[in-house]
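Trainee: mind folding the following:
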Amino acid sequence: MITITQRNGISIGAIHETDRLNAANAHLVKQQLNERLTNSGSHLLLNLSNIRFIDSTGIGALISALKTARQHEATFQLCNIQKDVASLLTLMKLDKVFDIFANEEEVVQ
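Mentor: Residues are numbered from 1 along each chain as shown. The predicted structure follows:
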């Protein structure tokens, strides 16, 4: 579900095979993100360019990943968020909770 690549010491994840992060796949995404973020000092940037819809379960998976990152002194950030998903994050004030970037290049130099 999530593919991970490395660039300049940063893990970049992308969700494939779907354009939705919802109850059907959020458990798997949550598990894969949390496995990556349990290493102290790890840095994961999740590219959401493929995701056009997210529900409360999907939001929960992202919040869980952020919580895991903080517990393990890791970093979890988001980038390339589609307009509708960005609007939802803003409405829920989660744009103040997550580090959100326009694209990967803003983080990976």
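Trainee: all contacts plus neighbour counts: C-alpha atoms, from now on.
Mentor: Fine.
Trainee: can you give me the strands in the chain?
Mentor: 2-7, 10-15, 20-21, 43-47, 53-54, 75-79, 99-101 (DSSP state E).
Trainee: now the angle from the second one to strand 43-47?
Mentor: Counting by axes from the mean of the first three to the mean of the last three Cα atoms, to 10 degrees, strand 10-15 points 30 degrees away from the direction of strand 43-47.
Trainee: got a list of what residue 62 touches?
Mentor: Shown in contact with residue 62 (Cα atoms under 8 Å, 6 or more residues apart in numbering): residue 30.
Trainee: same thing with residue 66?
Mentor: 75-76, 98.
Trainee: got the confidence number for it?
Mentor: For residue 66, the pLDDT comes out at 98.
Trainee: measure it to residue 99 for me?
Mentor: According to Cα to Cα, to the nearest Å, residue 66 and residue 99 sit 10 Å apart.
Trainee: need the overlap of contacts for these two.
Mentor: Common contact partners of residue 66 and residue 99 (Cα under 8 Å, 6+ apart): residue 76.
Trainee: quick revisit: in a markdown table: the contacts of residue 66, plus distance to residue 18 and pLDDT.
Mentor: Output for the contacts of residue 66, formatted as a markdown table (distance: Cα to Cα, whole Å; pLDDT from 0 to 100):
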| residue | distance to residue 18 | pLDDT |
| --- | --- | --- |
| 75 | 25 | 96 |
| 76 | 21 | 98 |
| 98 | 22 | 98 |
